[in-house]
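Enquirer: Pasting a predicted model and its sequence here:
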Amino acid sequence: MLRFLARRIALTIPVLLGVATLVFSLIHLIPGDPAQAMLGESASPQDVAELRARLGLDRPLLEQYGRFLRGAVSGDLGRSLRTNQPVTSAIIERMPATFELAAAAMFVAVAVAIPLGIAAAVWRGTAVDHGATTLSLLGISIPNFWLGPLLAIIFSIELGWLPVSGRGTWAHLVLPAVSLGAALAAILARMMRATLLEELREQYVVAARARGASRARAVVRHAFRNSLIPVITLIGLQFGAVLTGAVITETIFAWPGIGRLLIQSIGFRDYPLVQGCILLIAVTYVGMNLITDLLYGLVDPRIRYE
Amino acid sequence: MNRVGAAIVLIAVVAALFGPAIARFDPSAQELARRLDGPSAAHWFGLDELGRDIFSRVLAGARISLLVGIVVVSISSVVGTLLGSIAGYFGGTVDEAISRVIDILLAFPGLLLAIALVAVLGPSLTNVVFALSLIGWVGYARLVRGQVLRAREFEFVQAARALGAATPRILVKHIIPTALPAVTVQATLGMGGAILAEAALSFLGLGVQPPTASWGTMLNGGRTHLLDAPHLTIFPGLAIAFLVLGFNFLGDGLRDALDPVTRRSGG
């Protein structure tokens, strides 16, 4: 297990380096002078030169790269151009809101998807299955930037049950979590159905039924447990999609998280903050994938010895 | 499923091709006095914040959505198939290099990299297509690489090699065709993904810029009128969901039809 752990972590290091390199390159992809682009066309040459010096853009590229990597490792990602606040602390301030939303969305997704997937597999080929499958395809097809406003129209404006935006109480969390979790619920339900169907065809389930286990017991006690492993893996791997989705959901519901900070920073051309947000989301995603892989290796020995 | 998906896609194609003939109004024509009017006999989907006919704009938006989908999927599938087959066939250092680039690009949640790229390059349709293609090829490359790794051991491929066929010929004539069914399914599902991604970027103000009619831009315009004119939000969103659902139906149906296991079991 230790060898598997060390090998998997070692494989992540070049990926993280690649991610950091790509995020560093972003600022150099800006057409023309990045400092001029950040300050706007009307900025004086002196201001532009000052910003260039402040961001280190007047240094050789390799030196800039080295500084960026050192900063990324030590948590110093520079300062926001607009507020002068350190990028790291601006992001840390917003992190709890984003993780709260992501966790709530994943909870909604799991709570909907597992029963839906089980029902579709158990009653395969019936109206229940067709209904669940269509619902899943709808969930994947409906964009969260439409579902969000639609839910707000129904539950906030028409019915007045839930607040339309902001963060504070549990009620504020419901609509953003449902709108963000819907697509994940659809993907998980499809996966749950497929893996449970596969397990139900296995010999041990047939044997359990032959020994007199009821259909419900064969599903719940035997097939369901084994079918959960790939589903749990998928939940981990979909965390990145949830984080990206949060960028849109936070914008719709004025949720004060990293996603909203990212979009606001793009609007203000606050590129150090843009880089910081992108880096944090990507590194979190890589970290989640690593944890998922390690957990998978822990529960399934075949993965460790591949 | 397949037929429903094909029918939906066909409707969208007709809307995109013959939109100007079907639409009763110019999608840019403004009737400011009647701005935000709800659906009526004259304006089936109502009027937007500048008094433009939403039905005509939804038809015009179909053209943008399908155009982005087709261009992104074409570039991504061709580049991905080419790089994936090169990586799978040659192995060694070439495979290592391509696989590492794939790993790094996969380390970014899909849309995030597109947001980052468009943020620095500037919002435009061209940059959206560029950003989505840059991310899109990775999925095809990974898929084709796996297929090629398997196919290069097939007897007919080894026979072609033994007969002295040149590498490009072996790749194009013998190996890549074995991966084409899987690529076709991925491309069909990818159309839906590209359309959603373009709409998401435009919704965030990073894609197609006003006054060009795009479904994402229209949804963005509707955000400030949720209270007084929800029809601004409802119709463009329905159009996106409808078309993406069509491609998902079609992709799922194709996958089932091309996969012998699901075809046999009916699941």
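Expert: In hand now; what should we look at? Residues are numbered from 1 along each chain as shown, chains lettered A, B, ... in the order given.

Enquirer: And chain B, is the lengthiest helix in chain A touching that?
Expert: The longest helix of chain A (DSSP state H) is helix A:87-122. No. Using CB under 8 Å from any CB of the partner chain, helix A:87-122 stays clear of chain B, with a minimum separation of 8.9 Å. Placement of C-beta: from N, CA and C, glycine included.

Enquirer: Quick one: low-confidence residue ranges for the chain.
Expert: Picked chain A for this. A:301-306 (pLDDT under 70).

Enquirer: should've been chain B
Expert: Across chain B, residues meeting the criterion (pLDDT under 70) sit at B:259-267.

Enquirer: Now do the strands in it.
Expert: For chain B, strands defined by DSSP state E do not occur.

Enquirer: in the longest helix of chain A, what's buried?
Expert: Going by neighbour count (16 or more other CB atoms under 10 Å in any protein chain shown), the buried part of helix A:87-122 is A:87-88, A:90-91, A:94, A:97-98, A:100-102, A:104-106, A:108-110, A:112-114, A:116-122.

Enquirer: same deal with stretch B:140-151?
Expert: If you call a residue buried by 16+ other CB under 10 Å, then stretch B:140-151 has these buried ones: B:Tyr140, B:Ala141, B:Arg142, B:Leu143, B:Val144, B:Arg145, B:Gln147, B:Val148, B:Leu149, B:Ala151.

Enquirer: circling back to that earlier point, does any bit of the next helix or strand after the longest helix of chain A sit next to chain B?
Expert: Per DSSP states H and E, helix A:87-122 leads on to helix A:127-141 as the next helix or strand towards the C-terminus. Yes. Using CB under 8 Å from any CB, we find that helix A:127-141 touches chain B at A:Leu137, A:Leu138, A:Ile140, A:Ser141.

Enquirer: what about A:Ala183, helix or strand, and which?
Expert: Taking DSSP H and E as the definition, one finds A:Ala183 inside helix A:170-200.

Enquirer: So which bits of that helix are buried?
Expert: Within helix A:170-200, judged by 16+ other CB under 10 Å, the buried ones are A:172-200.

Enquirer: Could you do stretch B:119-134 as well?
Expert: B:119-121, B:123, B:125, B:127-134.

Enquirer: Could I have the CA atoms of it written out in CSV?
Expert: Extracted as CSV, the C-alpha positions of stretch B:119-134 are listed here (Å, rounded to 0.1, in the frame of the first residue of the first chain):
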residue,chain,number,x,y,z
ALA,B,119,-10.7,35.9,-19.7
VAL,B,120,-7.2,36.6,-20.9
LEU,B,121,-7.7,36.5,-24.7
GLY,B,122,-10.9,38.6,-24.5
PRO,B,123,-14.5,37.6,-25.1
SER,B,124,-15.4,36.7,-28.7
LEU,B,125,-16.8,33.8,-30.6
THR,B,126,-13.4,32.9,-32.1
ASN,B,127,-11.8,32.8,-28.7
VAL,B,128,-14.6,30.6,-27.3
VAL,B,129,-14.1,28.1,-30.2
PHE,B,130,-10.4,28.2,-29.6
ALA,B,131,-10.7,27.6,-25.9
LEU,B,132,-13.2,24.8,-26.2
SER,B,133,-11.2,23.1,-28.9
LEU,B,134,-8.1,23.3,-26.8
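
Enquirer: how about it against chain A, any contact?
Expert: Yes. Looking at stretch B:119-134 against chain A by CB under 8 Å from any CB, the contacts come from B:Ala119, B:Val120, B:Leu121, B:Gly122.
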